[in-house]
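> model the structure of this input:
(chains A and B)
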Amino acid sequence: MSAAPESAPLDLRSATLSYGERTVWSGLDLRLARGEFLTVLGPNGSGKTSLLRTILGLQPLTSGALSIMGRPARRGSRDVGYIPQQRLIDPATPVRARDLVRMGIDGDRWGPGRRSHRARVDELLASVGASAYADAPLGLLSGGEQQRVRIAQALATQPAILLCDEPLLSLDLRHQHEVTALIDQTRRATGTAVVFVTHEINPVLPYTDRVLYLAPAGHAVGSPDDVLTSTHLSTLYGTPVEVLRSQGRVIIVGGDDDHHHHPDEADS
Amino acid sequence: MSTALTLVAATTGTSTGDDWWHRLFSFEDYGELLGLVHNSLVAGAVLGLVGGLVGVFVMQRDLAFAVHGISELSFAGAAAALLFSVDVVLGSVLGSVLAAVVIGLLGTRARDRNSIIGVLMPFGLGLGVLCLSLYPGRAANKFGLLTGQIVAVDDTRLGLLVAISAVVVAGLLVIWRPLTFASVDPDVAAARGVPTRALSFAFMLLLGLAVALAVQVVGALLVLSLLITPAAAATRISASPVWVPVLSVVFAVGSAVGGILLALGGNVPISPYVTTISFAIYVVCRLVGNRRTRRGWSRRTVTAA
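Prediction:
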């Protein structure tokens, strides 16, 4: 946490990722500021999930450099928090909300664990407004409640950067708003930068500082107004794409994405 | 199933004229008998401890079918050991560890895993039946492998069982936290650098050892009663990471030791007693759990558990 002022939560320099012959993205330059909210958009297979995997240290770059708080990406780094898609959990699974949060604190350590970290867990649950169901089995919570608990879990190590991998999938509109607002509050309160991967820009549009658009013919980084334009996206896709704006919402027509929700990307 | 029943009948067929109740429960000369099965009681208690702990992860990782598959291969190994006059525990350990390794290597996805188990299981059973039919020795030795035995635990074997149990429990304690993380929340665990693949493999090995132990006491057909039922019962009434393993161990030890004690005077294999006790515990826990779920899980009701 006590990093030198020049170290950014995330710094990518001419980062390139290829699988064999296929280049997923190349020449990616991106430096996040503390507390910045970056939304990552793009069709399936454009390498959104791969980007998260490189930041998590699970996937090495083909070329270029990636650093987190001035250090190279490392598997299991406590500077990186991760919020996955909401996943159905069997109600009979013996894990309570507080247990999931505790796993965020020391679940990666060996041994049975002597300390229960109760005070810290309670504090984290309170910070996301999940105290009321701290002792309930996770499988009995609603999707929105589960994602709140996941945010608390991801914040357990006080990360410099919070990775959100389609955390809104399978949530209804009200819960989408609650979860995105909570992530926004969190980054303002803690100064953690946010990398938010999504198919659907609109729930996060009000909070987005910059957009990274990954597309078949290249990528673009900039403010939503700069990146999400018909000319810009048409170039990125190599086919005509139209961007419509209506009542503060953005609708993208064309491209091969069409905003269908596909949980897994063909990136392996 | 009908083969299993005839096997049971064959082992007990000597006293057809007796009152069946007397065959099930008899407490004559109980004190003397107790001395004879001292080793079995210790083995039962140790197996309860191992089964209760392993069962928690079997539930979390959805491996019930794998347990059944491994136990059939363990049976095959034990039967082969009997045929070739090698130690039965050794044969059963080899069989189940081999099965666990194959399932662990080939079945990383649930659907692959189930089909591999479905392929392995009948093969193992067939192999076991073949070895048993070729085995010229006493019938009781054979059927004990399928339905459990109480008097077959001598000091050497007990030492071996306790040693294997110690390995399993120590191994589980070392990987406890990351294994829980990887079982309950695999995506985040992987993101946090937990070696989920290696852990899954390590657990399969420990599971193989635990199954081999259970086969010695309750028999291959009924391993699930000590490796699944107690943990399943515990998760019905608690979701606490401390209470679920504790209750699961208490239920498993209670079923194993209680089963042996009840089976002592009777003339029936031990397994029906063990399975009945563990089933009864499950039914009670399920009823209690249903009541609780209906009342809702508030902070108060859960900490009371």
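
> would you mind confirming that residue A:87 is in contact with residue B:187?
Yes. Counting by C-beta atoms under 8 Å, residue A:87 sits close enough to residue B:187 to count as a contact (7.1 Å). To be clear about C-beta, it is placed using only N, CA and C from the backbone, and glycine gets the same treatment.

> and for whichever residue of chain A sits closest to chain B, the neighbour number?
Residue of chain A nearest chain B, by C-beta to the nearest C-beta: residue A:76 (2.0 Å). In terms of burial, residue A:76 registers 16 neighbours under the definition other C-beta atoms under 10 Å in any protein chain shown.

> got the contact list for it?
The contact partners of residue A:76, by C-beta atoms under 8 Å, 6 or more residues apart in numbering or on different chains, come to A:57, A:108, B:192-194.

> skipping adjacent residues, who's closest to it in space?
Of all residues beyond its chain neighbours, the one nearest residue A:76 is residue B:193 (2.0 Å), with distances taken as C-beta to C-beta, 6 or more residues apart in numbering or on different chains.

> mind listing what residue 106 touches?
Went with chain A since none was named. If you count contacts by C-beta under 8 Å, 6+ apart, then residue A:106 has A:113, A:115, A:117, B:177 around it.

> was after chain B, sorry
For residue B:106, the set of contacting residues under the criterion of C-beta under 8 Å, 6+ apart consists of B:112-113, B:116.

> what about the strands in the stretch 151-268 of chain A?
Counting by DSSP state E, counting those that start in this stretch, the stretch 151-268 of chain A has these strands, from start to end: A:161-165, A:193-197, A:210-215, A:218-222, A:241-246, A:249-254.

> reformat those as JSON lines; add mean pLDDT.
Conversion of these to JSON lines gives the following (pLDDT from 0 to 100):
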{"stretch": "strand A:161-165", "mean pLDDT": "96"}
{"stretch": "strand A:193-197", "mean pLDDT": "97"}
{"stretch": "strand A:210-215", "mean pLDDT": "95"}
{"stretch": "strand A:218-222", "mean pLDDT": "93"}
{"stretch": "strand A:241-246", "mean pLDDT": "88"}
{"stretch": "strand A:249-254", "mean pLDDT": "87"}
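
> which of the contacts of residue A:106 has the largest number of neighbours?
residue B:177 (21 neighbours).

> let me know the secondary structure of that residue.
helix (DSSP: H, G, I helix; E, B strand; the rest coil).

> what does the stretch 101-250 of chain B put close to chain A?
In this structure, the stretch 101-250 of chain B approaches chain A at residues B:173-178, B:180-181, B:184-185, B:187-194, B:232, B:234-236, B:238-241, B:244, judged by C-beta under 8 Å from any C-beta of the partner chain.

> how big is the angle separating the longest helix anywhere in chain A from strand A:193-197?
Among the elements of type helix in chain A, defined by DSSP state H, the one spanning the most residues is helix A:173-190. When axes from the mean of the first three to the mean of the last three C-alpha atoms, to 10 degrees is applied, the directions of helix A:173-190 and strand A:193-197 differ by 160 degrees.

> buried sites along helix A:173-190?
In terms of neighbour count (16 or more other C-beta atoms under 10 Å in any protein chain shown), helix A:173-190 has its buried residues at A:175-176, A:178-180, A:182-184, A:186-187, A:190.

> extract the C-alpha trace of that helix and format it as PDB.
Output of helix A:173-190 as PDB, limited to C-alpha atoms (Å, rounded to 0.1, in the frame of the first residue of the first chain):
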ATOM      1  CA  LEU A 173     -31.900  -4.500 -13.200                       C
ATOM      2  CA  ARG A 174     -32.300  -3.300  -9.600                       C
ATOM      3  CA  HIS A 175     -29.500  -5.500  -8.400                       C
ATOM      4  CA  GLN A 176     -27.300  -4.400 -11.300                       C
ATOM      5  CA  HIS A 177     -27.700  -0.800 -10.200                       C
ATOM      6  CA  GLU A 178     -27.000  -1.700  -6.600                       C
ATOM      7  CA  VAL A 179     -23.900  -3.600  -7.300                       C
ATOM      8  CA  THR A 180     -22.400  -1.100  -9.700                       C
ATOM      9  CA  ALA A 181     -23.200   1.800  -7.300                       C
ATOM     10  CA  LEU A 182     -21.500  -0.200  -4.500                       C
ATOM     11  CA  ILE A 183     -18.400  -0.700  -6.600                       C
ATOM     12  CA  ASP A 184     -18.300   3.000  -7.400                       C
ATOM     13  CA  GLN A 185     -18.600   3.900  -3.700                       C
ATOM     14  CA  THR A 186     -15.900   1.400  -2.900                       C
ATOM     15  CA  ARG A 187     -13.400   2.800  -5.300                       C
ATOM     16  CA  ARG A 188     -14.100   6.400  -4.000                       C
ATOM     17  CA  ALA A 189     -13.800   5.300  -0.400                       C
ATOM     18  CA  THR A 190     -10.700   3.100  -0.700                       C
END
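
> who does that helix touch, helix- and strand-wise?
Counting contacts by 3 or more C-beta pairs under 8 Å, 6 or more residues apart in numbering or on different chains; DSSP states H and E, helix A:173-190 packs against helix A:143-154, strand A:161-165, strand A:193-197.

> got the contact list for the residue of the stretch 101-250 of chain B found nearest chain A?
Closest approach of the stretch 101-250 of chain B to chain A (C-beta to the nearest C-beta) occurs at residue B:193, with a separation of 2.0 Å. For residue B:193, the set of contacting residues under the criterion of C-beta under 8 Å, 6+ apart consists of A:57, A:74-77, A:108.

> might you list the low-confidence residue ranges for chain A?
For chain A, the stretches with pLDDT under 70 are A:1-6, A:255-268.

> if we use 80, what do you get?
Counting by pLDDT under 80, chain A contains low-confidence residues at A:1-6, A:86, A:88, A:90-92, A:114, A:116, A:254-268.

> circling back to that earlier point, just the buried members of the contacts of residue B:193?
Listed as buried from the contacts of residue B:193 are A:57, A:76-77, A:108; burial here means 16+ other C-beta under 10 Å.

> make JSON lines from these and add secondary structure to it.
As requested, the buried ones among the contacts of residue B:193 are arranged in JSON lines below (three-state DSSP):
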{"residue": "A:57", "secondary structure": "coil"}
{"residue": "A:76", "secondary structure": "coil"}
{"residue": "A:77", "secondary structure": "coil"}
{"residue": "A:108", "secondary structure": "coil"}
